[in-house]
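*Asks:* Need coordinates for the below:
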Amino acid sequence: MTFSRLILRWYHNSHRNLPWRSTKDPYKIWLSEIILQQTRVNQGKAYYLKFLNAFPNIDDLAKADEEYVLKLWQGLGYYSRARNLHKTAIYISEELQGHFPKKYKEVLKLRGIGPYTAAAICSICYNEKRAVVDGNVYRVLARTHNIQTEINTNKGIKQFQHIADKLISKKNPGDYNQGLMDLGATICLPKNPQCTCCPMLNLCKSAGDDKIHLLPVKKKKKKPINRNISYLYITDGELFYMQKRQQNDIWKNLYDFPHLEEQIGIKNQTPSVQQKLMEILPNQPFKNISTQKFIHHLSHQILYISITIIKINRLSKNKNYILMNRQKLLKTPLPRPIDFFFKNSINTID
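*Replies:* Have a look, this model is predicted:
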């Protein structure tokens, strides 16, 4: 039996029961694929259902305020996905009269959609013969074909895409793609692969090899950047200062506190927290309550975060900051460290 037929037979008998598996609606498939980038399925399911409940179709998403979209996305990270999702929905609603494109080359032109996502949408929704290659697919193909090429190099990307294009089912590319991804997610695991349960066992060139867990091969990543972020939570007990992050950096268009930032290891003239505080509250008495410190990991950065709690008698308007309260906070998109602070420091800051 051929590679693709084995995948399809296994998928039809053993596929995971996921909410987006019962639809061919390109909006819903697109939404699921964007959410599942850099997100585990168990976490992604809840967000998928939450988004569909809030935005049943593309036009509903297009009409939404970006801050509401970001608030619903809060906790998933990689917020550019949500911003691009929203902007693309607006484009489809206004420029394409709400009709999702039906050809791979047209889908690929949409903002925030790359070859993998375009291939997934077009194969599942339109039965277009386009092979997907994600982390799970890299792993299955590397092991079944015993490929030693590094997957995060131009050579590796081209080689794996070429193999995937050759293997894909002509009659049922959508189910085949989903089957290949499911196999990597449930059987051909990064560690402790379930080889004895694998439908590809007889075709797999790496089966039984005690080094199978070393495939696929990856080129070592650069060391992450270390950054210090010193936040000031300035409050009168009811109101507090926040600001919207505008720069093209982490957490763009989310809200956080006044702060100082520096990249560790680079000499600069970053002012002290005390100096920053004096700039915000010139000639005003305040009380330093406490400072909380923790580490937050991003894909390519490690953030060393401190949040200093400052109490004053009464907060006044400041042209550089927004006066916020707990009620407004419920509709405000926050970076995970700020959300964590509010959820876990209530007794300290009230």
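
*Asks:* Strands of the stretch 251-350 of the chain, residue ranges please.
*Replies:* 255-256, 259-263, 287-297, 301-311, 322-324 (DSSP state E, counting those that start in this stretch).

*Asks:* looking at these, which one has the lowest mean pLDDT?
*Replies:* Confidence, taken as mean pLDDT, is least for strand 259-263 of those (a mean of 79).

*Asks:* List the buried residues in that one.
*Replies:* Buried positions in strand 259-263, judged by neighbour count with 16 or more other Cβ atoms under 10 Å: 259-260, 262. Quick note: C-beta positions are derived from backbone N, CA and C, even for glycine.

*Asks:* neighbouring strands for that strand, and are they parallel or not?
*Replies:* Strand pairing for strand 259-263, determined by DSSP bridges: strand 225-235 (antiparallel).

*Asks:* The helix or strand just after the partner strand - contacts with which helices or strands?
*Replies:* Next along the chain after strand 225-235, taking DSSP states H and E as the criterion, comes strand 240-244. The contact analysis (3 or more Cβ pairs under 8 Å, 6 or more residues apart in numbering; DSSP states H and E) places strand 240-244 against strand 225-235, strand 255-256, strand 322-324.

*Asks:* Those into CSV, with extra columns for mean neighbour count and distance to Leu36?
*Replies:* CSV is the format used below for these (neighbours: other Cβ atoms under 10 Å; distance: least, Cβ to Cβ, whole Å):
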stretch, mean neighbour count, distance to Leu36
strand 225-235, 20, 26
strand 255-256, 20, 26
strand 322-324, 16, 32
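
*Asks:* Quick check: which of these is nearest to Ile121?
*Replies:* Closest to Ile121 of the helices and strands packed on strand 240-244, according to Cβ to Cβ: strand 255-256, at 32.3 Å.

*Asks:* Partner strands of the closest one, with direction?
*Replies:* strand 240-244 (antiparallel).

*Asks:* Pull out the buried positions in the strand it pairs with.
*Replies:* Neighbour-count burial for strand 240-244 flags 240-242 (criterion: 16+ other Cβ under 10 Å).

*Asks:* And for stretch 41-49?
*Replies:* For stretch 41-49, burial by neighbour count (16+ other Cβ under 10 Å) applies to 44-45, 47-48.
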